[in-house]
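>>> When you get a sec, could you give me coordinates for this:
(one chain, ligands or ions: 1)
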Amino acid sequence: MTLETVSLGGTGLEVSRLAMGTWRFGRRLIDGEERYDSDDGIVETNEERAADLLDAYAERGGNFIDTADKYGDGKSEEWIGNWLADRDREDFIIATKIHRPRRPGDPNGEGLNRKHLRRQIDISLDRLGTDYVDLLYCHRWDDRTPAEEFMRTLDGLVSEGKVNYLGISSGSPDEWKIVKANEIARRRGYEPFTVTQPRYNLVDREIEANYMDMCRDYGLGIVPWSPLAWGFLTGKYSRDRDFPDDSTAAADARFKSHYLTEENFDVLEVTTAIAEEVGAKVAHVALAWQLHHPDVTAPIVGASTVEQLEENLDADDVSLTDDQFARLDEAKTASLV
Ligand SMILES: NC(=O)c1ccc[n+]([C@@H]2O[C@H](COP(=O)([O-])OP(=O)(O)OC[C@H]3O[C@@H](n4cnc5c(N)ncnc54)[C@H](OP(=O)(O)O)[C@@H]3O)[C@@H](O)[C@H]2O)c1
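Purely as a prediction, here's the structure:
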């Protein structure tokens, strides 16, 4: 089925209910670490696979593509640009991000200072082969740069037509900082943040405390990253730690320490049981739970293969009962008691 669309936060823009993640495009792992100082190791998603994934997403009517200046050391933006060159750029909502270190050894080569923001947006536009991005996220908060400085700089990028909307990708406990930035924008007449991008899934629930209240109160959209917890919520990992060979996440030390915990496996058991009850995949249930949440705008799904992507894009068709939603809601908190 064609993907439905939804309004992006407080904007007039319509985006697909599921966004397309491109984090692994060009991402090179050497001995389990992301590195670009040699051609060794593995590239998680090469350009041919990236184009296949984008084709599959577009064929389902998907329009919302998420990238960042640092993904794959720039390859993600570059390959999206190559793919877009054969299409009508106006059919797509392109979101990118700036903040992460891009110039090793240069103290001004990261963060949200004016020099870095202005240089990086031009590099991103050049790689993407477009005059503007629909949405620019600050990839994280920057405590070194005054909020007044970056809100004014970002407002300038909007005035110049390089960016249409602004977002911030950070989670709890940055709520007060986001509110401060938007209050500065309101007082000065600058463009505010209208979208947030925090991590959110059945086992990473921190934003439920205050962050979601902030978003609801200020009308900010929530575009969650890692909705499947890097693949943990697809049911392919088991407590006995017998990892499938085709899983790149299993080779990543951060994945093992953060996700492969006993309490997370308790949550996975509940999710798997519900998937069996409704005759759906575990990933469908994990995504359907988010899609049902009134504060969630459009989760960003990742996929290593076209088959995974097509499976994930079917999540919108899965219906769960109130009782099943309640059991999923309670699964994490119950596992902590
Ligand atoms: N703002 C930020 O700081 C931030 C951080 C992270 C991500 N993001 C954005 O969010 C996007 C999604 O993040 P993510 O990749 O972590 O998302 P995710 O949906 O939680 O995980 C995606 C991974 O799970 C596995 N997977 C997905 N669907 C599957 C299926 N149906 N069956 C089996 N395995 C499946 C695949 O990995 P394997 O095949 O390797 O197991 C895939 O690469 C990124 O691409 C990026 O655009 C943003």
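
>>> From now on I want contacts and neighbour counts done on CA atoms only, so please keep to that.
OK.

>>> Show me where the protein has its strands.
5-7, 14-16, 19-21, 28-30, 33-34, 42-43, 64-66, 93-98, 133-138, 163-168, 193-196, 221-222, 300-301 (DSSP state E).

>>> Pull the contacting residues for the residue lying closest to residue 303 once chain neighbours are set aside.
Spatially, and ignoring its direct neighbours in sequence, residue 303 is nearest to residue 309 (5.2 Å; Cα to Cα, 6 or more residues apart in numbering). When contacts are counted by Cα atoms under 8 Å, 6 or more residues apart in numbering, residue 309 touches 53, 56-57, 301-303.

>>> rerun that using 10 Å as the cut-off
Contacts for residue 309 (Cα atoms under 10 Å, 6 or more residues apart in numbering) come out as 20, 53-54, 56-57, 301-303.

>>> again with residue 55
49, 61-62, 83, 306.

>>> pLDDT score for the residue nearest to residue 303?
On the pLDDT scale, residue 309 is placed at 97.

>>> Ok, residue 242 next?
For residue 242, pLDDT reads 71.

>>> What separation do you get for it and the ligand?
13 Å (Cα to the nearest ligand atom, to the nearest Å).

>>> Same check on residue 53?
Between residue 53 and the ligand the computed distance is 11 Å (Cα to the nearest ligand atom).

>>> got the contact list for the closest residue to that residue other than its chain neighbours?
Leaving aside its chain neighbours, residue 53 sits nearest to residue 306 (5.5 Å; criterion: Cα to Cα, 6+ apart). If you count contacts by Cα under 10 Å, 6+ apart, residue 306 has them with 49-50, 52-57, 312.

>>> At the contact with the ligand, which residues of the stretch 1-150 of the chain appear?
21-23, 66-67, 139 (Cα under 6 Å from any ligand atom).

>>> same thing but at 5 Å, please
21-23, 66 (Cα under 5 Å from any ligand atom).

>>> wait, residue 260 sits on residue 239?
Yes - with contacts counted by Cα atoms under 10 Å, residue 260 reaches residue 239, the gap being 7.8 Å.

>>> quick one: which of the two has more around it?
residue 260 (17 against 12; other Cα atoms under 10 Å).

>>> Model confidence at that one, what's the number?
Per-residue pLDDT puts residue 260 at 91.

>>> Go through the biggest helix by length in the chain and flag the buried ones.
Counting residues, the longest helix in the chain under DSSP state H turns out to be helix 262-278. For helix 262-278, burial by neighbour count (16 or more other Cα atoms under 10 Å) applies to 263-272, 274-275.

>>> what does stretch 297-305 give?
297-304.

>>> Find the centremost residue of the protein, please.
Geometric centre of the chain, nearest residue: residue 225, 3.3 Å, by Cα atoms, centre = their mean.

>>> just to revisit the earlier point, which one among the residues of the stretch 1-150 of the chain next to the ligand gets closest to residue 290?
residue 21 (16.0 Å; Cα to Cα).

>>> Touching, the closest one and residue 63? I think so.
No - Residue 21 is not in contact with residue 63 according to Cα under 10 Å; the separation is 11.6 Å.

>>> Now do the contacts for residue 324.
270-271, 273-275, 277-278, 285, 289, 330.

>>> Same list (those residues) but as TSV, adding distance to residue 94 and pLDDT.
TSV is the format used below for the contacts of residue 324 (distance: Cα to Cα, whole Å; pLDDT from 0 to 100):
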residue	distance to residue 94	pLDDT
270	35	97
271	32	98
273	37	97
274	34	98
275	33	98
277	37	97
278	34	97
285	27	98
289	25	97
330	35	95
